[in-house]
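S.K.: Structure for the following, please:
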Amino acid sequence: MHRVEKEVCGRTLSIEYGRVARQADAGVLARYGETVVLASACYKKEPADYMAFFPLTVDYRELAYAAGKIPGGFFKREGRPRDKETLTCRLIDRPIRPLFPDNFRSETQIVAYLMSTDMENESEFLGLVASSAALSISEIPFMGPLGACRVGKVNGEIVANPLMGQLDEGDASLVFVGLRRDGEDLVMMIAGQATGITLDELDKAVEVAMPVIRDTIDLQLEMVSAVGKPKIKIEKPNVPPELEAQVREMAEAGIREINDIEDKLERGRAFDELKQKVTQDLDEEFPDSGGPISEVLDNLVKNDVRRRILDKEQRLDGRSLTEVRDIDCEVGVLPRAHGSALFTRGQTQSMCAATLGTKGDEQVIDDVELEMEERKRFMLHYNFPPFSVGEVKFLRGPGRREIGHGNLAETSLEAVVPKEDKFPYTVRLVSDILESNGSSSMASVCAGSLAMMDAGVPVSAGVAGVAIGLVKEGSKCKILTDILGAEDHYGDMDYKVAGTREGITGIQLDLKLPGLPWSLLREATVRAIDARMKILDRMDAVIDKPRPELSEYAPRIESIVIDREKIGTVIGPGGKMIRKITEETGATIDIEDDGTVTIASNNADALRRAREWVESLVEEVEVGKLYEGEVKRIMTFGAFVEVLPGKEGMVHISQLAPERVRSVEDVVKIGDRIWVKVVEIDDLGRVNLSRRKAMEERGEIPLSDDDGRAVRPPSRGRPGDRRSGDRRGGDRRSGDRRGRDRGRRSGRRR
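M.R.: Numbering: from 1, shown residues only. Here you go, the predicted structure:
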């Protein structure tokens with residue numbers, strides 16, 4: 001076993017090899033604080049048939065025991081990966097994939113397990129370092145190692161590797177991945193979200209991240225020097241040279257003609273026809289070579305696209321390098337959706353619908369690292385149907401791409417969604433991509449921003465996004481604004497930047513190159529900011545602020561805060577009271593532990609009745625206030641009236657009417673509803689009511705001078721209590737007389 005360790009941001013980062021996963025090509029145990037990640041790397045050694053792509057798979061799992069938990073559900077074991085695990089897989093995959101030789105096509109797999117979490121040091125940073133370390137010490141031809149750093153903005157300060165609790169309260173969370181080449185620090189990947197980080201703050205984040213990245217690289221190099229295996233050499237080309245030469249001779253001129261076609265679909269059809277012809281012509285000499293021929297043709301297209309951009313600044317659709325495609329925006333296109341928008345940029349189109357829901361519609365997420373259930377009240381779901389690119393495929397559940405693109409759009413928009421105390425709705429956006437030719441995730445950001453404004457969600461600002469591309473060969477380098485699908489496929493960079501007019505809210509950098517200097521990426525960021533302003537101008541021309549009213553089809557929600565001690569009163573025994581309210585009014589009621597009661601209904605009258613009902617349950621009776629109550633009991637001396645649920649007061653017979661009343665039942669009966677006024681609440685909490693004073697205040701009879709108070713009826717008291725005796729008889733003499741009578745009767749019995 002060999003172990004290396006280094007202090008990183010005030011905590012010990014260690015990498016250990018040789019104790020676990022010893023049958024893998026390499027397996028390491030990485031530890032940061034008390035968070036532990038196991039990462040393994042394996043590849044298939046047998047010669048594989050022709051592969052058109054590099055089959056790399058990254059799997060990341062968070063094991064429940066890492067946080068001392070037992071999984072829920074019937075099977076009590078980890079199931080399909082959760083969204084966070086899928087997103088971490090993509091986070092590890094993106095910076096690693098470009099660092100393999102082009103001719104290495106052996107199936108390769110990285111498996112990373114979160115095995116322990118201290119709920120302070122998050123696992124994504126550690127998973128990246130551990131995966132890079134496993135590949136670096138293996139014989140797999142990986143051109144690493146990579147270093148990583150999480151950067152947060154906490155209390156206005158840019159901080160490296162903050163604790164998880166600090167990130168939750170911070171204004172930014174960005175993952176930087178980098179490497180070193182010839183003594184130069186290069187950025188390999190950036191991913192994260194912010195509430196509106198500026199370019200200067202992004203500069204500072206890179207400055208803070210680079211020393212940590214260097215530390216994590218140095219630690220891995222120390223491990224490689226001790227236990228690293230010699231890298232295998234891949235000398236065999238993927239395509240036979242003689243086949244490549246013939247395809248090039250037959251198709252090179254045709255490829256140039258095809259790339260003169262601006263329309264994507266026409267260009268695709270022309271390419272398919274050329275490929276079919278070349279394949280048929282070479283079938284006798286090179287049978288079953290469809291895959292290699294396709295690869296050579298694709299490389300010819302790639303070379304021609306890159307040459308046009310580098311030498312002529314000529315793009316496939318005829319735009320300049322800084323030009324954004326034509327944009328068309330519409331809102332309110334779906335009449336029954338709470339909010340909707342259709343955003344079209346060139347041949348990329350997103351239809352986004354906004355739905356407003358109640359507290360009960362929040363998504364519940366079982367988070368292993370946080371050791372708790374997390375609730376999401378804002379979510380964006382991204383769908384990429386096959387017809388959007390003219391293909392025929394089965395519709396399945398969301399894959400890694402859908403989850404990743406949806407998360408990028410969601411985090412980019414989350415910064416402008418109002419807090420729950422100001423807007424107590426659950427918001428769900430669904431972006432359906434109806435056409436795709438590059439940067440559909442950024443189209444989802446634009447469409448989502450428009451849809452929320454159309455729904456009346458009081459967002460703080462509009463959000464737009466754009467993808468910036470790059471073509472680089474040697475000293476030649478061109479940055480492309482608003483890239484097409486082909487420019488993403490054949491280019492070297494897909495740099496997505498989203499934000500408001502004030503700052504960046506979402507960012508994701510994908511490279512096909514082994515890193516770029518920040519100076520070049522900064523120039524691309526400036527280009528993205530300029531393009532974003534142009535897109536926001538176009539969006540603002542359609543709708544520049546949220547609608548003042550919600551859709552008539554959206555639920556109306558009101559929140560009130562009650563005393564925590566009275567939560568049980570509203571819920572009732574076994575939930576009896578809250579069920580009664582919802583059944584009789586049709587409203588939905590959610591109660592939080594802090595006493596926040598959220599009431600929702602599509603019907604304004606039902607909402608009002610439910611709110612009044614809840615308020616009446618927790619309301620205290622007030623002296624001087626009028627109430628309409630129900631007569632519950634009748635006694636000879638008066639009537640007991642329920643003025644609030646569970647709260648009764650007494651109307652003395654003298655206060656039932658302006659005239660003298662001989663019998664209570666001459667005026668009221670059980671079940672009658674009458675108006676009464678609270679005239680007194682005595683020291684024992686008993687409520688005295690007056691129907692006569694209520695009639696005066698309601699203008700039914702003339703006003704009088706008395707205060708409406710009356711003598712309380714007899715009630716039980718403690719033996720020997722003077723006050724008790726007073727209440728029983730109304731005066732002390734009557735009480736004394738009863739005592740003497742009892743004494744005489746007892747004497748006769750003796």
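S.K.: which residue sits closest to M115, ignoring its sequence neighbours?
M.R.: Leaving aside its sequence neighbours, M115 sits nearest to V36 (Cβ to Cβ, 6 or more residues apart in numbering; 4.8 Å). For every residue, glycine as well, the C-beta is placed using N, CA and C.
S.K.: now do E262
M.R.: D317 (5.0 Å).
S.K.: Equivalent analysis for K376, please.
M.R.: Nearest to K376 is Q363, by Cβ to Cβ, 6+ apart, at 4.2 Å.
S.K.: residues touching that neighbour, list them.
M.R.: Neighbouring residues of Q363 by Cβ atoms under 8 Å, 6 or more residues apart in numbering: R375, K376, M379.
S.K.: same deal with A587?
M.R.: Counting by Cβ under 8 Å, 6+ apart, A587 has contacts I581, I599, A600, S601, N603, A606, L607, R609, A610.
S.K.: low-confidence ranges in the stretch 301-450 of the chain?
M.R.: The model of the stretch 301-450 of the chain has pLDDT under 70 over residues 367-373.
S.K.: Okay, helices next: where are they in it?
M.R.: Assigned by DSSP state H, counting those that start in this stretch, the stretch 301-450 of the chain shows helices spanning 400-414, 440-455.
S.K.: Quick one: work out the angle between the longest strand along the chain and helix 400-414.
M.R.: In terms of residue count, the longest strand belonging to the chain (DSSP state E) is strand 184-197. Interaxial angle, strand 184-197 versus helix 400-414 (axes from the mean of the first three to the mean of the last three Cα atoms, to 10 degrees): 50 degrees.
S.K.: on that earlier part again, ok, so of the contacts of Q363, who is nearest T322?
M.R.: Nearest to T322 among those: M379, at 34.3 Å, using Cβ to Cβ.
S.K.: my read: D544 touches G462, true?
M.R.: Yes. The criterion here is Cβ atoms under 8 Å, and D544 meets it with G462 at 7.0 Å.
S.K.: On the three-state scheme, the nearest residue to I309 once chain neighbours are set aside is what?
M.R.: Leaving aside its sequence neighbours, I309 sits nearest to V471 (Cβ to Cβ, 6+ apart; 4.7 Å). What DSSP: H, G, I helix; E, B strand; the rest coil gives for V471 is strand.
S.K.: where does this structure have low pLDDT?
M.R.: The chain contains residues with pLDDT under 70 at 367-373, 710-750.
S.K.: all strands for the stretch 1-150 of the chain, in order.
M.R.: With DSSP state E, counting those that start in this stretch, the ranges of strands along the stretch 1-150 of the chain come out as 2-8, 11-17, 26-32, 35-43, 56-62, 108-116, 147-154.
S.K.: quick one on the thing from earlier: tell me which of D544 and G462 has more neighbours.
M.R.: Comparing D544 with G462 by other Cβ atoms under 10 Å, the one with more neighbours is G462, at 21 against 12.
S.K.: Export the contacts of A587 as CSV, with columns for neighbour count.
M.R.: Shown next, in CSV, are these (neighbours: other Cβ atoms under 10 Å):
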residue, neighbour count
I581, 20
I599, 29
A600, 26
S601, 23
N603, 14
A606, 19
L607, 21
R609, 18
A610, 24
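S.K.: Those in strands, which ones?
M.R.: Counting by DSSP E, the contacts of A587 place I599, A600, S601 in strands.
S.K.: what would those look like in JSON lines with distance to G671?
M.R.: Formatted as JSON lines, the ones in strands among the contacts of A587 follow (distance: Cβ to Cβ, whole Å):
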{"residue": "I599", "distance to G671": "29"}
{"residue": "A600", "distance to G671": "33"}
{"residue": "S601", "distance to G671": "29"}
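S.K.: quick check: longest helix of this structure.
M.R.: If you go by DSSP state H, the chain has its longest helix at helix 199-227.
S.K.: Give me the angle between it and strand 147-154.
M.R.: Going by the same axes, to 10 degrees, helix 199-227 makes 150 degrees with strand 147-154.
S.K.: Any idea how far helix 199-227 is from the middle of the chain?
M.R.: Its chain's average C-alpha position is 29 Å from that of helix 199-227, according to Cα atoms, centre = their mean, to the nearest Å.
S.K.: Can you name the next helix or strand after that helix?
M.R.: helix 241-258 (DSSP states H and E).
S.K.: Just checking: what are the partner strands of the strand or helix carrying L509?
M.R.: In the assignment (DSSP H and E), L509 maps to strand 504-511. The sheet places strand 504-511 alongside strand 184-197 (antiparallel), strand 493-499 (antiparallel), with pairing taken from DSSP bridges.
S.K.: What's the first helix or strand after it?
M.R.: Remark: after strand 504-511, the chain's next helix or strand is helix 518-540, criterion DSSP H and E.
S.K.: name the helices or strands packed onto the helix or strand just after that following helix?
M.R.: For helix 518-540, the following helix or strand on the C-terminal side (DSSP H and E) is strand 556-561. In terms of contacts (3 or more Cβ pairs under 8 Å, 6 or more residues apart in numbering; DSSP states H and E), strand 556-561 is packed against strand 596-601, helix 604-618.
S.K.: Export the ones you listed as JSON lines, with columns for distance to M650.
M.R.: As requested, the helices and strands packed on strand 556-561 are exported to JSON lines (distance: least, Cβ to Cβ, whole Å):
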{"stretch": "strand 596-601", "distance to M650": "31"}
{"stretch": "helix 604-618", "distance to M650": "19"}
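S.K.: between the ones you listed, which gets nearest to K496?
M.R.: strand 596-601 (35.4 Å).
S.K.: Make sure G448 is actually in contact with L429.
M.R.: Yes. In this structure, G448 is within contact of L429 by Cβ under 8 Å, at 4.7 Å.
S.K.: Which neighbours do these two have in common?
M.R.: Joint contacts of G448 and L429 (Cβ under 8 Å, 6+ apart) are C352, A354, L380, A409, L413.
S.K.: And those residues, which is closest to E680?
M.R.: Comparing the shared contacts of G448 and L429 against E680 with Cβ to Cβ places A354 closest, at 53.6 Å.
S.K.: and that closest one, how many neighbours?
M.R.: Neighbour count for A354, taken as other Cβ under 10 Å: 27.
S.K.: where's the residue nearest to it when sequence neighbours are not counted relative to V331, distance?
M.R.: Distances taken as Cβ to Cβ, 6+ apart place G339 nearest to A354, at 3.6 Å, with adjacent residues excluded. Per Cβ to Cβ, to the nearest Å, G339 is found 8 Å from V331.
S.K.: quick one, which of those two is more surrounded?
M.R.: Counted by other Cβ under 10 Å, G339 and V331 do not tie: G339 has more neighbours, with 28 against 21.
S.K.: is G27 in a bridge, and if so with what?
M.R.: Note on G27: beta-bridge partners by DSSP bridges are S40.
S.K.: now swap in F343 and tell me
M.R.: Under DSSP bridges, the beta-bridge partners of F343 are C329, S350.
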